[in-house]
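K.L.:
pasted the sequence and its predicted model underneath.
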Amino acid sequence: MSEPARLWGENLTLAYDQRVISRDLGITIPDNSFTVIVGPNACGKSTLLRALARMLKPSAGAVHLDGELIGSYPSKEVARRLGLLPQSSVAPDGITVADLVARGRYPHQKFLKQWSRADERIITEAMDATRVTELATRMVDELSGGQRQRVWLAMVLAQQTPLLLLDEPTTYLDIAHQMDVLDLCAELHHERDHTLVAVLHDLNHACRYATHLIAMKDGAVVAEGDPAEIITAELVEQVFGLPCRVIPDPETHTPLIVPADRRGAVTRRANGDRKAEAGIGMRRSA
Ligand SMILES: Nc1ncnc2c1ncn2[C@@H]1O[C@H](COP(=O)(O)OP(=O)(O)OP(=O)(O)O)[C@@H](O)[C@H]1O
Ligand SMILES: [Mg+2]
């Protein structure tokens, strides 16, 4: 029998108070994969990521990390194995970029022996990789949305965990920075054997970068596997209710989702509304 994956969950019921988001969910993150989770807003992607990172206790079922129940580890030990970039984070008041990134090293700090050269080097590398080095002395709360997102990413990279869970790491980023971050993830996965899980909304990025794609809807996994094998126009319509075509990406030959052109219908509707407002084509009462 093959070894179980480092991170997996079985029979998960995930809920906030009485509101159940996922029921009886099974999920396995293949080791050394770049797993991407896609799905409509509010379908439960962040909820699942929180459960996998032990930020949310399942109402039923269990998450396993490295052969043990995730709940059985001391929290610092979880933080040494697994890093989570939440969808939105609020920095402590008045903290600089360098200090926030340095917080990524806390799980590795030993009692008394506080700060090492290695810590410094890792922080510098994380800031270089996310291109925030020149922001080091700036206050986090004065940054633009995209700059801030990259600083949080630097913090989670500085944690140097073999497992990384990233909830929408490309949100707020311009297209060049989006590609930088995804390339960085791919590099961590290819060259350093990290296991990555990212929630992405851009299906085309998901298809380009994922080695394993998970499509969710209403708290359940609808399809998973190699993007080239699972992404079809039918699946996109089923999951997102969006008519589209799926063609090969001219650059990478991975699936490229092209939404159906609905502008004609929108323009006709808008023109119809304007005509109606102006009373054109309508009989005026005398
Ligand atoms: N802290 C909370 N308390 C109560 N309900 C919550 C909480 N967080 C999320 N929910 C609800 O759980 C459901 C799933 O939310 P979740 O954040 O997991 O969605 P998501 O798939 O990540 O969506 P998005 O793409 O918008 O980020 C939503 O209906 C949401 O309103
Ligand atoms: Mg979310």
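P.N.:
On my side now, so go ahead. Residues are numbered from 1 along each chain as shown. Ligands and ions are numbered 1, 2, ... in the order given.
K.L.:
in three-state terms, label residue 126 for me.
P.N.:
helix (DSSP: H, G, I helix; E, B strand; the rest coil).
K.L.:
list the contacts of it.
P.N.:
101, 104, 154, 155, 157, 158 (Cβ atoms under 8 Å, 6 or more residues apart in numbering). Where C-beta positions appear, they are placed from N, C-alpha and C, glycine not excepted.
K.L.:
show me which of those is closest to ligand 2.
P.N.:
residue 155 (19.0 Å; Cβ to the ion).
K.L.:
which of the contacts of residue 126 has the most neighbours?
P.N.:
Within those, neighbour counts (other Cβ atoms under 10 Å) peak at residue 101, which reaches 30 neighbours.
K.L.:
residue 51: how many residues sit nearby?
P.N.:
Close neighbours of residue 51, defined as other Cβ under 10 Å, add up to 26.
K.L.:
in the stretch 51-200 of the chain, what residue lies closest to ligand 2?
P.N.:
Nearest to ligand 2 in the stretch 51-200 of the chain, going by Cβ to the ion, is residue 87, at a distance of 4.6 Å.
K.L.:
coming back round to it: inside helices: which ones of the contacts of residue 126?
P.N.:
When DSSP state H is applied, those are split such that 101, 154, 155, 157, 158 fall in helices.
K.L.:
now for the residues you listed: which two are most distant?
P.N.:
101 and 157 (8.4 Å; Cβ to Cβ).
K.L.:
rewinding a little: give me every residue that touches the residue of the stretch 51-200 of the chain closest to ligand 2.
P.N.:
46, 167, 168, 171, 199.
K.L.:
among these, who's most crowded?
P.N.:
The residue in the contacts of residue 87 with the most neighbours, by other Cβ under 10 Å, is residue 199 (25 neighbours).
K.L.:
could you pull out the strands for the stretch 151-286 of the chain?
P.N.:
For the stretch 151-286 of the chain, the strands defined by DSSP state E, counting those that start in this stretch cover 163-167, 195-199, 212-217, 220-225, 244-248, 255-259.
K.L.:
so which bits of the stretch 1-150 of the chain are right by ligand 2?
P.N.:
The interface of the stretch 1-150 of the chain toward ligand 2, taken as Cβ under 5 Å from the ion, is made up of 45, 46, 87.
K.L.:
is the last one in a helix, a strand, or coil?
P.N.:
Right, the one you point to is residue 87. Here residue 87 takes the coil state, with states given by three-state DSSP.
K.L.:
quick check, pLDDT for it.
P.N.:
In the predicted model, residue 87 carries a pLDDT score of 92.
K.L.:
wait, what's in contact with the closest residue to residue 106 other than its chain neighbours?
P.N.:
Closest residue to residue 106 apart from its sequence neighbours, by Cβ to Cβ, 6 or more residues apart in numbering: residue 79 at 7.7 Å. Neighbour list for residue 79: 106, 107, 159, 161 [criterion: Cβ under 8 Å, 6+ apart].
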